[in-house]
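# Build the 3D model from these lines:
(2 chains)
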Amino acid sequence: MSQALARRPARESEFGYTRRLRGWFGNQWGKPRFLVLVTWGYIVWSIVPVLIAIQFSFNNSRSLSIWHGFTLKWYTSTDPNIDSVFHSAELRGALEQSMKLAGLDVLIATPIGVLLALGLARWRGRGSGASNLLMLFPLVTPEIVAGVSLLLLFSQLLTFVPFGTVAQLLGHVTFSISYVVVIVRGRLFSIGRSYEEAAADLGAAPATRLTRVLLPLLLPAIVASAAIVFAISIDDFVISQWLSNGANSTTVPMEIYDATRATPQPSTDGIATVIMVITLLSVVAGVLVYRFFTRGESGRGSAVDDVAGFGI
Amino acid sequence: MYPRWLWPLSALPGVVWLLLLFLLPLYVVVGVAFGSVDPVLLQPIPAWNPLDWNTGWITHVLDQLLPGNVFWDVAVRTCEYVGLSLAGCILIGYPVAYFVARHASRTKNLLLILLVLPFWISYLMRMLAWINLLSPGGYGLRFLSATGISKVLFHLGVISDSSNYLGGQSFTVILGLIYGYIPYFILPLLGASPCRAFWHVTVPLSKTGLLGGAVLITLPMFGDYYTPNIVSGAPTTSMIGNQIDLYFHGGPQPTIGAAITILLSAFLMVLMLYYMRTIHRASREIPA
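Sure, this is the predicted structure:
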């Protein structure tokens, strides 16, 4: 009896402790603290590793794990013993190859995609349904299937296409067109036809309606899709790798991949950082230009909506 | 309002491009998979005419997929990795999406930007970041051993060596897959920006919620070969994508690689069709 009494307070306090904890997490009227914790935990987990990788691109040693102080040598050194991002032939070549592919991809895929979007949105005839299906397919095809198929195409059938930049570019454009189409077609549906009909009623010729009415209205979507194509191309690893011809056509993602399989250096973190900055700048530029062109439109979201909308 | 021929003409370059560089290549894969192999040069000889098709390679691969044969383990492992990664993405991603959509009001804008950020950081860089963290002496490794997590994982049998995460650990591969693909899972759940939904392809899937996000990341995960190669590199963690990669880049048998590719595509076809239908529907009903 006395033993049972003695044990009681201890059990009470234990119970109180769990109850307080339950109350802190489970109070349905309070702040959903559990969700706050998971959300911020996730965000820290998703971003901090990348920040640490950026930090070690400035490490004054070859180590990627132990900090030895700040240096810029992995970016700018001209010492032949140091593979710096801007002076090693290999890393510089990879940067140039990535930029070249992304730039050309934007120049080719954007016009083709815009024309295809117009065609698919307004052409109602035999073949339009099948063409629509054909346009959607690349969006859902796993990249390895894309890589295998283009590799076999250029090695078995169209053997006159050289592996390297040409094959890589053809691959990048093929898998960029559909993104342009989806973005531009969405804008086309939301614009509707009334502006063009009004212009027609006022006597504008078809060519005038296209260039003076439709094109300016489509411009924001064209800019957005160009920025997205640029970012997709810069980030692409699989297609670039399957269609490369060895060292001459190595892109930055391929360089990172090869380095992780051998011994990554601070300059590997460095080149990844450079490409990340370029991607982020292109996205910000895309958002700013988009906002400039859609200024004054009703139903226009906040800047944040635009940024979020840039997520693929 | 416009001449009838204008819109078909406008679609023409894109359609021709996709026929030549998307559809034709898929047919080449079929031709190679159903073709034969030069006995001397070991080069594939594609069979372009369906009447000449040789089903030997496909049945060979199917045979190897039976329990106890070469591809069985890889196929089972691939399904396990994809399944566990998907479960991880749902477990982490759903509460996050739910919180941001329902509760965050003052911080919502900041949260959205932070959730979108990983999209614009190269997948390869995000994997490289984990190499930094988990290599000997790395912050991540030190954190895991200082907190005792390494010990717990070791005793639970999740990892086979508490100081080596980067060589043949399934745990690290699954961690890499979750880390790599979860941003693609969360954003469609958010239905992100009510705004410019048409700006991107994934938001249409938001209407389908969990299923949409799951389909979106399952497709690329089944074809992934670089994640296991980067964070493990051991044959004991190879996935079906690694087999395809090996047959093309490591070995002399692209025909078998093509046959596996055909079977993988067939296996994923239902998901691909579902995803296509969703994008198609959503892109037509977006309001102004």
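
# all contacts plus neighbour counts: C-alpha atoms, from now on.
OK.

# give the contact list for residue A:175.
A:138-139 (Cα atoms under 8 Å, 6 or more residues apart in numbering or on different chains).

# Surely residue B:215 is in contact with residue B:273?
No. Using Cα atoms under 8 Å, residue B:215 makes no contact with residue B:273, being 10.5 Å away.

# what sits against residue A:266?
With Cα under 8 Å, 6+ apart, residue A:266 has these contacts: A:56-59, A:62-64, A:74.

# State the distance from it to residue A:235.
Separation of residue A:266 from residue A:235 (Cα to Cα, to the nearest Å) stands at 20 Å.

# So if I had to pick from residue B:215 and residue B:273, which one is more boxed in?
residue B:215 (20 against 14; other Cα atoms under 10 Å in any protein chain shown).

# what sits against that one?
Going by Cα under 8 Å, 6+ apart, residue B:215 touches B:271, B:275.

# List the buried residues in whichever strand or helix holds it.
According to DSSP states H and E, residue B:215 maps onto helix B:209-222. Neighbour counts over helix B:209-222 (16 or more other Cα atoms under 10 Å in any protein chain shown) mark B:209-210, B:212-222 as buried.

# residue ranges of the strands in chain B, please?
B:36-37, B:44-45 (DSSP state E).

# Give me the domain ranges for chain A.
Annotated domains of chain A cover A:2-76, A:89-309 [automatic domain parsing].

# tell me the contacts of the spatially most central residue of chain B?
With distances taken as Cα atoms, centre = their mean, residue B:220 lies nearest the centre of chain B, 1.6 Å away. For residue B:220, the contact set (Cα under 8 Å, 6+ apart) comprises A:142-143.

# Out of the contacts of residue A:266, which is nearest to chain B?
Proximity of the contacts of residue A:266 to chain B (Cα to the nearest Cα) peaks at residue A:64, which lies at 5.5 Å.

# need the contact list for the closest one.
Residue A:64 is in contact with A:53, A:56, A:264-266, B:132, B:138, counting by Cα under 8 Å, 6+ apart.

# Helix, strand or coil: sort out it for me.
Under DSSP: H, G, I helix; E, B strand; the rest coil, the three-state class of residue A:64 is coil.

# Just the pLDDT at it, thanks.
pLDDT recorded at residue A:64 is 85.

# what's the answer for residue A:154, then?
You'll see residue A:154 listed with a pLDDT of 95.

# Please apply the same query to the one 5 residues further on.
The predicted local confidence for residue A:159 comes out at a pLDDT of 91.

# Backbone dihedrals for it, both of them.
Residue A:159 adopts backbone torsions of phi -70, psi -10, taken as degrees, to the nearest 10.

# Equivalent analysis for the one 4 residues further on, please.
Backbone torsions for residue A:163, taken as degrees, to the nearest 10, come to phi -70, psi 160.

# Show me the helices in chain B, by range?
Counting by DSSP state H, chain B has helices at residues B:6-18, B:24-33, B:56-64, B:70-102, B:108-116, B:123-134, B:139-146, B:149-156, B:170-190, B:209-222, B:226-231, B:240-245, B:254-284.

# got those helices as a markdown table, with mean pLDDT and distance to residue A:69 columns?
As requested, those are exported to a markdown table (pLDDT from 0 to 100; distance: least, Cα to Cα, whole Å):
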| stretch | mean pLDDT | distance to residue A:69 |
| --- | --- | --- |
| helix B:6-18 | 93 | 51 |
| helix B:24-33 | 94 | 51 |
| helix B:56-64 | 89 | 53 |
| helix B:70-102 | 90 | 35 |
| helix B:108-116 | 83 | 28 |
| helix B:123-134 | 92 | 16 |
| helix B:139-146 | 90 | 16 |
| helix B:149-156 | 89 | 28 |
| helix B:170-190 | 89 | 29 |
| helix B:209-222 | 85 | 38 |
| helix B:226-231 | 93 | 27 |
| helix B:240-245 | 93 | 39 |
| helix B:254-284 | 86 | 47 |
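
# and stretch A:38-54, which residues are buried?
Under the neighbour-count criterion of 16+ other Cα under 10 Å, stretch A:38-54 has A:38-39, A:42-43, A:46-47, A:49-50, A:52-54 buried.

# Tell me which ones among these also neighbour chain B, please.
A:38-39, A:42-43, A:46-47, A:49-50, A:52-53 (Cα under 8 Å from any Cα of the partner chain).

# low-scoring stretches of the stretch 1-150 of chain A, by residue?
A:1-31 (pLDDT under 70).

# Spell out the residue ranges of the strands in it.
With DSSP state E, counting those that start in this stretch, there are no strands along the stretch 1-150 of chain A.

# Around the residue of the stretch 51-200 of chain B found nearest chain A, count how many other residues there are.
In the stretch 51-200 of chain B, the residue that lies nearest chain A is residue B:138 (4.2 Å; Cα to the nearest Cα). By other Cα under 10 Å, 18 other residues sit near residue B:138.

# Residue B:275 and chain A: what is the separation?
7 Å (Cα to the nearest Cα, to the nearest Å).

# show me the contacts for that residue.
Going by Cα under 8 Å, 6+ apart, residue B:275 touches A:140, B:205, B:212, B:215-216.

# As a markdown table, the residues you listed with distance to residue B:61 would be great.
Listed next are the contacts of residue B:275 as a markdown table, based on distance: Cα to Cα, whole Å:
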| residue | distance to residue B:61 |
| --- | --- |
| A:140 | 24 |
| B:205 | 34 |
| B:212 | 31 |
| B:215 | 26 |
| B:216 | 27 |
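
# and which of those is nearest residue B:22?
residue A:140 (12.2 Å; Cα to Cα).

# Can you give me every residue that contacts the closest one?
Residues near residue A:140 by Cα under 8 Å, 6+ apart: B:219, B:272, B:275-276.

# Also residue B:246?
Taking Cα under 8 Å, 6+ apart, we find residue B:246 in contact with residue B:257.

# Of all residues in the stretch 151-300 of chain A, which one is closest to chain B?
Taking Cα to the nearest Cα, the stretch 151-300 of chain A has residue A:190 as its residue nearest chain B, at 4.2 Å.

# Quick check on that residue: phi, psi?
Dihedral angles (degrees, to the nearest 10) for residue A:190: phi -80, psi -30.

# how about the helices in the stretch 1-150 of chain A?
Here the stretch 1-150 of chain A has its helices, by DSSP state H, counting those that start in this stretch, at A:2-26, A:33-56, A:73-76, A:89-122, A:128-140, A:143-152.

# before we move on, what about the stretch 151-300 of chain A?
Using DSSP H, counting those that start in this stretch, helices in the stretch 151-300 of chain A cover A:165-174, A:177-191, A:194-201, A:206-208, A:215-235, A:238-242, A:252-261, A:266-293.

# what's the spacing between the fifth one and its chain's center?
Put simply, helix A:215-235 sits 12 Å off its chain's centre (Cα atoms, centre = their mean, to the nearest Å).
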